[in-house]
Each structure stands twice: as C-alpha cells, then as structure tokens.
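Participant: From the sequence below, what's the structure:
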Amino acid sequence: MTNNISSMMVVLNNTNTQSVTFLLTGIPGLKAAQVWVSIPFCLLYAIALSGNSMILLVVLREHSLHEPMYYFLAMLSATDLSLSLCTLSTTLGVLWFEAREINLSACIAQMFFLHGFTFMESGVLLAMAFDRFVAICNPLRYTTILTNARIALIGVIVLIKNVAVMVPVALFVKRLSFCKSLVLSHSYCYHVDVIQLSCTDNRINNILGLFTIFFTAGLDFHCILLSYILIIRSVLSIASSEEQKKAFNTCISHIGAVAIFYIPLISLSLVRRYGRSAPPFVHTIMANVFLLIPPVLNPIIYSVKTKQIRKAIMKVLIQKKCQI
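Facilitator: Residues are numbered from 1 along each chain as shown. Purely as a prediction, here's the structure:
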C-alpha cells in the first residue's frame, strides 16, 4: 500500500512539474508606471541591438579589421546581441502587454541561454585579455600565436565550457517540484528565483549554481587580473614614456568592457546578499541594468576609443547614405 502511494506521489509530482506555469513580474511597486518605465528599457534594447549589429557588420565587411583583436570584438558583440535577445521578448511582453505567463520548459530554456551568454561574455573578455597580453608582452609573435585557427579554437572552447556548465544546472532545475507561489521576481527566468520557488530540497541546485559562477566568471576574472599584472610589469619595463602610454591606450577599451561587466555583477551580488531591506523594485531594476549595461556600452566604448572601428562605421554609414 505504501509503495503504491509513493508511486502515485511521484507521478503527481512529475505531472505537476511538467504543467508548471510561472508568472513573471515587471517592476514591483511600480505597476502603474510600467508603461513609462518600459520606454527607457525599450530605448536601451534598441541601442544594444543596433550597436552590436553594427560592430558585427563592420568587422565582417572591412578587410582591414580582419585581425585577432577585432575577431574577439565580434565574438563579444555576438554574445551581447544574444544576451539582449534572450530577455527582450519577455521583458517587453510583461511591461507592455502584461504577458506574464511562462511554462517550465520555456523558463528553463530562457535561464539556460541567459546565464550561458552571461558566462560566455566573461570567457570572451578573458580571451580578449589574452589577446592584449600577447600583443604587448610578445608583439613579434602576435600573428603567429593568434592565427585564425587558434582564434576559432578559443571561441569553440569558450562555447563548449559554458554549455558544459549550464547543462547540469538546467537538468537539476528540471527535477524540482513546484507547489508554492509561482510568481518570479523578474521579467525573465533567473536561476536563483526559480529554485527558491521549489517545494523540494534545492541544496544541490544552490551548490551547483555557486560552483558554476566561481568556475566561469570567478575564474575568468582572476585570469584577467593576472594577465593585466603581467601586462603592467611588461609596460613598465619599457624605457620610453611615450611607448608606455601607447601600450596602455591599446588596453583602455578592454578595461572598460571588463569594468562594465564585473562591477554591476559584483554590485548585484552584494545587494542580493546585504540589501534585503531595500524595496523589491531596486533588486529588479539592478538585475535588468546588469543585463543591459554591457550590451549597450560595449559598442559605444569600442566605437569611441578605437579609431579603426570608428572609421569603419563611418564608411558603412556613408555608403548606405549614398545608396539612398
């Protein structure tokens, strides 16, 4: 009898898990102003999509940009573009149309891509740091070390690593049962939010989530830090102050990209841990800002600070204007 009851409970739990529908949240406490809040969000998405698409276009079209540094920049833009697209539909759907429902499978898929592209951005930033390290510390072998085949291999390794760490995360969410409130605190599926709604033991999910963060963004950050320590040591050994300045200038754009990725990430982690008394809308806005800042600002930083990118963009825009 006990075995039959247990079997029935398992079936019910599995059925319940398969039919789960979550409710996404816009901006808590600001429901009346959501339409107005959606305007800056929509503007930021438009800037992110157009800016990163433009970077990809100019790198593909301009043969003068077919160099390792710009290939890595194209990878960064592709990652930022994908990161923006995977939250665009649900965020604007909630803010504009109150389209709040999302089923478990769609939620896990969005979570997989959201966190996967976030960690992939960290991996691409590490690859770009390696590019700057080789360019400054071993300039004579730059083209022989960073061949097209090696650049492609680095890109594939970054992709495989992030898929490998995200697959277990998604599978362990799939095994959870949900019987509490199914209201998420964001307009997209965030791993921590989803597992907190589980009515089964989620300790493995928490441990796996922390391991994934440390193995990806945490490890990447320390490697980036190490690369810049080596770069600074190499640059300071250069006798000419003019050459030192020139070497540092080649790193400014990448340092900016690293800062706008890791500073919001660390800030969001601190607010989540120590800012529990803050209003709910603060957490939600910070989470959305974290996802939007890198895709919005990276194309701007590289367009302003990199002369070759700026010239290529102007060339494309002038060509389009002439065609019109």
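Participant: Pro68 contacts Thr144, correct?
Facilitator: No - using CB atoms under 8 Å, Pro68 is not in contact with Thr144, being 11.1 Å away. Every residue, glycine included, has its C-beta placed from N, CA and C.
Participant: Give me the more crowded residue out of the two.
Facilitator: More crowded of Pro68 and Thr144, by other CB atoms under 10 Å: Pro68, with 22 against 10.
Participant: any idea how far the nearest residue in space to that one that is not next to it in sequence lies from Leu176?
Facilitator: Residue nearest to Pro68 in three dimensions, not counting chain neighbours: Leu146, with 4.0 Å by CB to CB, 6 or more residues apart in numbering. In this view, Leu146 and Leu176 are 43 Å apart by CB to CB, to the nearest Å.
Participant: for Asn249, same thing?
Facilitator: According to CB to CB, Asn249 stands 50 Å off from Leu176.
Participant: which of these two has more neighbours?
Facilitator: Leu176 (20 against 10).
Participant: OK, contacts around the nearest residue to that one once chain neighbours are set aside?
Facilitator: With sequence-adjacent residues excluded and distances taken as CB to CB, 6+ apart, Leu176 is closest to Ser198, at 4.2 Å. Shown in contact with Ser198 (CB atoms under 8 Å, 6 or more residues apart in numbering): 176-178, 180, 205.
Participant: Pick out the most distant pair among these.
Facilitator: The two members of these with the most space between them (CB to CB) are Lys180 and Asn205, at 14.9 Å.
Participant: between these two, who's got more neighbours?
Facilitator: Asn205 (22 against 10).
Participant: Tell me which residues touch that one, please.
Facilitator: Asn205 neighbours (CB under 8 Å, 6+ apart): 169, 172-173, 176, 191, 195, 198.
Participant: so where is the stretch 51-200 of the chain shaky, pLDDT-wise?
Facilitator: Applying pLDDT under 70 to the stretch 51-200 of the chain flags the ranges 180.
Participant: where exactly do the helices run in it?
Facilitator: 68-97, 104-137, 142-145, 148-174, 191-196 (DSSP state H, counting those that start in this stretch).
Participant: can you count the residues close to the nearest residue to Asp193 once chain neighbours are set aside?
Facilitator: Leaving aside its sequence neighbours, Asp193 sits nearest to Leu184 (CB to CB, 6+ apart; 4.8 Å). Here the count is done by other CB under 10 Å, and Leu184 has 21 residues near it.
Participant: Contacts only, for Phe41.
Facilitator: Phe41 sits in contact with 91-92, 95, 288, 292, where contact means CB under 8 Å, 6+ apart.
Participant: hang on, the earlier thing: any chance of the contacts of Asn205 in CSV, plus distance to Asp220?
Facilitator: Shown next, in CSV, are these (distance: CB to CB, whole Å):
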residue, distance to Asp220
Val169, 17
Phe172, 23
Val173, 23
Leu176, 28
His191, 18
Ile195, 24
Ser198, 29
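Participant: quick check, nearest of these to Ile300?
Facilitator: His191 (29.1 Å).
Participant: Verify the stated contact: that closest one with Leu210.
Facilitator: No - counting by CB under 8 Å, His191 stays clear of Leu210, with 10.6 Å between them.
Participant: sorry, back to before: the contacts of Phe41: which two are farthest apart?
Facilitator: Leu95 and Leu292 (13.3 Å).
Participant: Not counting its neighbours along the chain, what's nearest the most centrally placed residue in the chain?
Facilitator: In the chain, the centroid-proximal residue (CA atoms, centre = their mean) is Thr118; its distance is 2.5 Å. Once flanking residues are discounted, Thr118 sits nearest to Leu83: 6.5 Å by CB to CB, 6+ apart.
Participant: Kindly report the same for Val289.
Facilitator: Pro264 (6.4 Å).
Participant: The one you found belongs to a strand?
Facilitator: No - read with DSSP: H, G, I helix; E, B strand; the rest coil, Pro264 is helix and lies in no strand.
Participant: Report the separation between it and Asn288.
Facilitator: The value you get for Pro264 to Asn288, if CB to CB is used, is 10 Å.
Participant: If we go by neighbour counts, what in the helix or strand hosting Phe290 is buried?
Facilitator: Using DSSP states H and E, Phe290 maps to helix 280-305. By neighbour count with 16 or more other CB atoms under 10 Å, helix 280-305 contains the buried residues 281, 283-288, 290-299, 301-303, 305.
Participant: Using PDB, list the CA coordinates for the helix or strand following it.
Facilitator: If you walk from helix 280-305 toward the C-terminus, the next helix or strand you reach (DSSP H and E) is helix 307-323. Only the C-alpha atoms of helix 307-323 are listed here, as PDB (Å, rounded to 0.1, in the frame of the first residue of the first chain):
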ATOM      1  CA  LYS A 307      39.900  54.600 -34.400                       C
ATOM      2  CA  GLN A 308      39.700  51.700 -36.800                       C
ATOM      3  CA  ILE A 309      36.200  50.800 -35.600                       C
ATOM      4  CA  ARG A 310      35.000  54.400 -35.800                       C
ATOM      5  CA  LYS A 311      36.300  54.900 -39.300                       C
ATOM      6  CA  ALA A 312      34.700  51.600 -40.500                       C
ATOM      7  CA  ILE A 313      31.300  52.600 -39.000                       C
ATOM      8  CA  MET A 314      31.500  56.000 -40.700                       C
ATOM      9  CA  LYS A 315      32.400  54.300 -44.000                       C
ATOM     10  CA  VAL A 316      29.400  51.900 -43.800                       C
ATOM     11  CA  LEU A 317      27.000  54.700 -42.900                       C
ATOM     12  CA  ILE A 318      28.300  56.900 -45.700                       C
ATOM     13  CA  GLN A 319      27.900  54.100 -48.200                       C
ATOM     14  CA  LYS A 320      24.300  53.500 -47.100                       C
ATOM     15  CA  LYS A 321      23.500  57.200 -47.300                       C
ATOM     16  CA  CYS A 322      24.900  57.300 -50.900                       C
ATOM     17  CA  GLN A 323      22.800  54.300 -51.800                       C
END
